[in-house]
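> Need a 3D model of the following:
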Amino acid sequence: MGTSNYWLAPGKVVSPAPAKALEKEQVAGNTTPEDFIAFAIEHFKLDPQAFFHSRSNRRPAFVSIKHMVRHYLYFHYVISLKQIGQLTCKADHSTVVHSCAKHLDYVKVDFEYRKDYEAFQKEARARGYHRREGWKHV
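Just a heads-up that it's a prediction; the model follows:
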């Protein structure tokens, strides 16, 4: 995603939030999907209103972030496609399926996208945003 703020929020540059220590209830494996969404917004320096708006931004970099977030939620949290869609811009479940498929395609062919996703995934795991212990994805 680089350093461009063009696609974030027109006229707004969101400053990075200071790093916070993990609180007791946010230990590895005990985070909620809503906690993860807040982390993703912070990580990518997004405008929360733009991220949650149902008629949101369709610029490629913004859509790529949604692909990453939806795939991570699908793979690391045991929630339905409908719930993922509701958490990310009130999207339909079929949009989430499409988004996950696109994510897998981009990881295979786009080096920059893969590098950004790996950095995002590494930080998310380091902060404890991953599947709860003992749960299997269905």
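
> Return the set of buried residues in the lowest-mean-pLDDT helix or strand in the chain.
Lowest on mean pLDDT, DSSP states H and E among the helices and strands of the chain sits helix 48-52, with a mean of 81. Residues of helix 48-52 classed as buried under the neighbour-count rule (16 or more other CB atoms under 10 Å) are 50-51. C-betas here are computed from N, CA, C, even on glycine.

> Which neighbouring elements make contact with it?
If contacts are counted by 3 or more CB pairs under 8 Å, 6 or more residues apart in numbering; DSSP states H and E, helix 48-52 sits against helix 33-43.

> chain center to the helix it packs on, what's the gap?
Using CA atoms, centre = their mean, to the nearest Å, the distance from the centre of helix 33-43 to the centre of the chain it belongs to is 7 Å.

> so what's residue 97 up against?
residue 81 (CB atoms under 8 Å, 6 or more residues apart in numbering).

> Residue 43 contacts residue 121, doesn't it?
No: assessed by CB atoms under 8 Å, residue 43 is found out of contact with residue 121, at 10.4 Å.
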